[in-house]
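1. Structure for the following, please:
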Amino acid sequence: MEINTFGVIGAGQMGNGIAQVAATAGLNVIMSDIKIDYAEKGLANITKILGKNVDKGKISADDKDAILGRIKITADLKHMADADFVVEAATENETLKFKIFKDLDAICRPGVILSTNTSSIPIGRIAAQTGRPDKVIGMHFMNPVPVMKLVEVIRGLATSDETYQTTWDLSLQFGKTPALANDFPGFIANRILLPMINEAVFALYHSVGTREDIDTVMRLGMNHPMGPLALADLIGLDTCLAIMETLYNGFKDSKYRPCPLLRKYVEAGWLGRKTGRGFYEY
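-> Okay, here's the model as predicted:
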């Protein structure tokens with residue numbers, strides 16, 4: 001299937017980044033959120049980033065205008081009827097994602113691929129909410145989307161070869177490097193990353209070191225560009241907790257138990273950069 005119009009569900013940090021990348025690659029984009037204010041905020045963020053790229057000489061002002069001209073925002077999911085390929089980038093909540101996929105299955109044309117940017121929820125469970133499980137696949141972008149090169153492509157048990165190849169090729173069209181993962185909780189990226197972050201939170205919880213010292217050890221000792229606690233703040237502590245709960249419930253193994261301090265921060269609304277406070281203040 002030829003892809004000219006790309007649908008994005010969710011205009012938050014991940015969704016607007018995916019929309020920007022797709023529009024930059026020359027596709028028409030429909031970016032949807034539950035409220036038009038949220039969609040407008042997402043578009044404003046894209047505009048801001050593109051403006052900075054113009055100032056740095058990375059793109060021209062005409063390029064910026066052309067990219068923005070390819071993005072349409074909406075608060076009505078029914079506009080996804082015009083999309084040739086859809087990626088869902090809503091909150092990491094299984095119930096919410098199930099509903100979105102049920103709705104998309106009814107709205108989108110039969111041949112349209114429905115992909116999810118989920119960080120950890122099994123693709124097979126999401127696919128089972130639709131009448132097109134062969135057309136459902138994981139397309140997990142990294143944050144920040146315009147900068148990070150990786151797209152984790154996750155096949156469900158029923159995902160067809162055609163769906164997989166189309167998604168792989170689309171990742172390349174976006175200027176990304178795809179990597180294939182099989183459908184296990186957390187896939188590759190978060191099965192490795194989130195337990196490390198969770199262990200860093202345990203180290204803080206047990207007073208093994210301060211937040212600064214824990215992050216310094218990982219940055220300078222392991223050559224990580226960002227410490228795990230600062231990275232958790234960037235990802236969002238609610239997202240980190242949701243992924244750890246998926247791992248813990250999926251594997252039934254105590255080594256994936258979320259740290260109580262992580263849960264306490266989420267319950268307090270200290271979610272990281274997006275709320276102005278997490279392990280650090282912003």
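
2. all strands in the stretch 101-250 of the chain, in order from the N-terminus.
-> 113-116, 136-141, 150-155, 177-182 (DSSP state E, counting those that start in this stretch).

3. Provide the strand pairings for the shortest one, with the direction of each partner.
-> In this case it means strand 113-116. strand 85-88 (parallel), strand 136-141 (parallel) (DSSP bridges).

4. got those as a markdown table, with mean neighbour count and distance to residue 104 columns?
-> All C-beta atoms are positioned from the backbone trio N, CA, C, and that covers glycine. Listed next are the strands paired with strand 113-116 as a markdown table, based on neighbours: other Cβ atoms under 10 Å; distance: least, Cβ to Cβ, whole Å:
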| stretch | mean neighbour count | distance to residue 104 |
| --- | --- | --- |
| strand 85-88 | 25 | 6 |
| strand 136-141 | 26 | 10 |
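
5. Tabulate those strands in CSV, adding columns for mean pLDDT and distance to residue 100.
-> Listed next are the strands paired with strand 113-116 as CSV, based on pLDDT from 0 to 100; distance: least, Cβ to Cβ, whole Å:
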stretch, mean pLDDT, distance to residue 100
strand 85-88, 98, 5
strand 136-141, 98, 12
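
6. Minimum distance to residue 69: which of these has it?
-> Nearest of the strands paired with strand 113-116 to residue 69, taken as Cβ to Cβ: strand 85-88 at 19.7 Å.

7. Go ahead and name everything in contact with the closest one.
-> Identification of contacts with strand 85-88 by Cβ atoms under 8 Å, 6 or more residues apart in numbering yields 1, 3, 5-10, 18, 80, 97, 100-101, 104, 108, 112-118, 139, 166, 170.

8. Helices - which of those residues land there?
-> 18, 97, 100-101, 104, 166, 170 (DSSP state H).

9. Now do the same for the spatially closest residue to residue 87 that is not a sequence neighbour: its pLDDT.
-> Counting by Cβ to Cβ, 6 or more residues apart in numbering, residue 87 lies nearest to residue 115, which is 4.6 Å off, once chain neighbours are set aside. On pLDDT, residue 115 comes in at 98.

10. got the contact list for residue 101?
-> By Cβ under 8 Å, 6+ apart, the neighbours of residue 101 are 88, 114, 116, 126-127, 129-130, 136.

11. Please apply the same query to residue 142.
-> 148-152, 189.

12. so how far is residue 149 from it?
-> 8 Å (Cβ to Cβ, to the nearest Å).

13. Quick check: phi and psi on residue 158?
-> Here is the backbone geometry of residue 158 (degrees, to the nearest 10): phi -100, psi 0.

14. What pLDDT is listed against it?
-> Note for residue 158: predicted pLDDT of 97.

15. Next: residue 120.
-> We note a pLDDT of 88 for residue 120 in this prediction.

16. what's the answer for residue 150, then?
-> pLDDT, residue 150: 97.

17. Residue 235 versus the residue lying closest to it once chain neighbours are set aside, what's the distance?
-> Excluding its sequence neighbours, the residue lying closest to residue 150 (Cβ to Cβ, 6+ apart) is residue 142, at 5.0 Å. Note on residue 142: its distance to residue 235, by Cβ to Cβ, is 10 Å.

18. and what of residue 169?
-> From residue 169 over to residue 235 the distance is 28 Å, taken as Cβ to Cβ.
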